[in-house]
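Visitor: return a 3D structure for these sequence lines:
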Amino acid sequence: MALNLTLKPFERIIVNGCMLRNGGRKSTLTVETRADIIRETDLLGPEAATTPVTAVYFLIQSALIDPETRDKTAKSAQKRLAVLATTFGAELRGHVFETANNVSRGEYFTALRNLRPLLARETEILGARQEVSA
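Guide: Predicted coordinates for the structure are as follows:
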């Protein structure tokens, strides 16, 4: 099944580790074979990986982008996911397990999507924590 990507003017994406930039117009690309793709807007910089969930997100993102270090990075992500599985309650634990399964199958972008509810909950927890300490 083909993947259609609609890119905004000058939007950047990474395809199989290669950074590509769209021209000055909106355009649509059709990816007809399997490829590792992530939009620049979905990237997390290393300086932003300061919490347990963002650290896992960064590791999985790194596995997606860099095939040379993929095995090592994926193993590190799996170890951190095992810790997260003991951290979150039952309602979010399924996302942790699904993310771990995606990483095991090499479905890194899907794994990143599965982390979104965990990122949201972590942000809620940390936000409430900052309000209490203020």
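Visitor: all the strands of the protein, in order from the start?
Guide: 3-7, 12-15, 18-21, 27-31, 37-39 (DSSP state E).
Visitor: and those strands: which comes nearest Ala49?
Guide: Closest to Ala49 of those, according to CB to CB: strand 37-39, at 15.3 Å. For the C-beta atoms, the positions are set from N, CA and C on the backbone; glycine is no exception.
Visitor: domain ranges for the protein, per the record?
Guide: According to automatic domain parsing, the chain comprises the domains 3-41, 44-133.
Visitor: quick check: closest non-adjacent residue to the residue nearest to the spatial centre of the chain.
Guide: Compute the mean C-alpha point of the chain, and by CA atoms, centre = their mean the closest residue is Leu112, 3.0 Å away. Leaving out its chain neighbours, the residue that sits closest to Leu112 by CB to CB, 6 or more residues apart in numbering is Ile60, at 5.7 Å.
Visitor: one step back: mean pLDDT and mean neighbour count added to the strands of the chain, as JSON lines?
Guide: Shown next, in JSON lines, are the strands of the chain (pLDDT from 0 to 100; neighbours: other CB atoms under 10 Å):
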{"stretch": "strand 3-7", "mean pLDDT": "92", "mean neighbour count": "13"}
{"stretch": "strand 12-15", "mean pLDDT": "94", "mean neighbour count": "17"}
{"stretch": "strand 18-21", "mean pLDDT": "94", "mean neighbour count": "11"}
{"stretch": "strand 27-31", "mean pLDDT": "94", "mean neighbour count": "11"}
{"stretch": "strand 37-39", "mean pLDDT": "93", "mean neighbour count": "16"}
